[in-house]
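Undergrad: Model the structure of this input:
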Amino acid sequence: MEATKRLSDRVAEEILTMIAIEGRYLAGEQLPNENELAEQLQVSRTTLREAMRVLVAQGVVETIRGKGTFVRKDFRPERLANLTSLLDEQINLKDLYEIRLIVEPEAAYYATIRATDQELARILSYGKLIEEKIKRNEDRTEAEQNFHKAIANATHNAFMDKLMPVIFQAINEGVRLSETKREVIEHTLRDHQLIMDFMKARNPEGARSAMKIHILHAMKEMGFHE
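TA: Okay, the predicted model is just below:
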């Protein structure tokens, strides 16, 4: 029961991130139905319902009988105000990628150690989705965000969620700049596969090194040299 509760809390945080940080669902908008959202988050409907109870109690969402679950019209993410103010600063892309280099290799290390089997499966599924989108020449921005967010969530470190908007900004810019650079895309495919292979093997040192190499490749190909 306690493990389920912890999982539901993490799912609640993930949904809150979708609403307050990623802006997927705005105040007053309806969330996907229970089956669709549970499948998207790769959790049971029981866990999702418990997560929704947490969000209802926090005043984030409301359930309207016969209609569905909606972001409350009066919801304002004030508790994230200090965090999002970081993104108002004039932070250049090199600085953003240096933050990724400082944070994400260690996140990969701890995620490899701490991820549940379900969380690991989610990371691998997002990695596969990135590969499929690249091969179909489709926008992979959201898949990239989800891959790195899934790794961050699997660290089971509450502060990682606070850093995701900054990391997302770097990812978004990186994807945009790499669209015309085939070498960058090929490195992304190889690097992601290496990260996933080490995580699947539960090799934290390997995952840390693979994530560091991934970010260094991107920095080098974008001309960020020391």
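Undergrad: which stretches of this protein form strands?
TA: Under the criterion DSSP state E, the chain carries strands at the ranges 61-64, 68-71.
Undergrad: buried ones in the last one?
TA: Read it as strand 68-71. Neighbour counts using 16 or more other C-beta atoms under 10 Å place Thr69, Phe70, Val71 of strand 68-71 among the buried residues. The C-beta positions use only the backbone N, C-alpha and C, and glycine is treated the same way.
Undergrad: What backbone torsions are found at the residue of the chain most remote from its centre?
TA: No residue in the chain has its C-alpha farther from the mean C-alpha position than Gly66, which lies at 31.2 Å (C-alpha atoms, centre = their mean). Backbone geometry at Gly66, expressed as degrees, to the nearest 10, gives phi 80, psi -10.
Undergrad: Looking at it now. What's its pLDDT?
TA: pLDDT recorded at Gly66 is 86.
Undergrad: Need the strands of the chain in JSON lines (columns: distance to Ala108).
TA: Formatted as JSON lines, those follow (distance: least, C-beta to C-beta, whole Å):
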{"stretch": "strand 61-64", "distance to Ala108": "31"}
{"stretch": "strand 68-71", "distance to Ala108": "32"}
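Undergrad: Ranked by average pLDDT, which of those falls at the bottom?
TA: Among the strands of the chain, strand 61-64 carries the lowest mean pLDDT (a mean of 89).
Undergrad: List the residues that contact the residue sitting nearest the centre point of the chain.
TA: The residue lying closest to the centre of the chain (C-alpha atoms, centre = their mean) is Lys149, at 1.9 Å. Lys149 is in contact with Glu14, Thr17, Met164, Phe168, counting by C-beta atoms under 8 Å, 6 or more residues apart in numbering.
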